[in-house]
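Student: next input, structure requested:
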Amino acid sequence: MKLTTGQLLAYAAPTVALQAMLVPLYNFLPPVYYSAEVGMVALTVATLFAVGRFWEAIIDPLVGALSDRTKSRFGRRRTRSFPHGFWCCRRAVLRRSICSFGW
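Tutor: Purely as a prediction, here's the structure:
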């Protein structure tokens, strides 16, 4: 099924508003927080964020291709999303119970 340009733009439109809110947060908050509160040099913070972006640029297409090629009676993505969702919930509960931040 081929999508028209209008359909693609309508599908991507909510991302524009989300990115308009998050880009300033990503650009200004980490250097201020990490340099003032944690004591890291701005170059170290920038390097860590750049490494994360390069890692995503390599891994995301590979995971997408793996997901697209998965064939199962449950569908292409459900075979991975259920175990990963369970794993993430488990990690969140463990992290919450181990690390108490005064909540």
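
Student: when you work out contacts or count neighbours from here on, use the C-alpha atoms and nothing else.
Tutor: Fine.

Student: state the number of residues packed around Leu62.
Tutor: Per other C-alpha atoms under 10 Å, the neighbour tally for Leu62 reads 12.

Student: any idea how far Asn27 is from it?
Tutor: For Leu62, the distance to Asn27 under the criterion C-alpha to C-alpha, to the nearest Å works out to 27 Å.

Student: for Gly75, same thing?
Tutor: Between Gly75 and Asn27 the distance, using C-alpha to C-alpha, works out to 38 Å.

Student: contacting residues around Met1?
Tutor: Listed by C-alpha atoms under 8 Å, 6 or more residues apart in numbering, Met1 has no contact partners.

Student: from now on call the first residue 57
Tutor: Got it, first residue is 57 now, which makes that one Met57.

Student: for it, give me the pLDDT.
Tutor: Per-residue pLDDT puts Met57 at 75.

Student: same deal with Val88?
Tutor: Model confidence at Val88 (pLDDT) stands at 76.

Student: quickly note the distance from it to Lys127.
Tutor: Taking C-alpha to C-alpha, one finds Val88 at 46 Å from Lys127.
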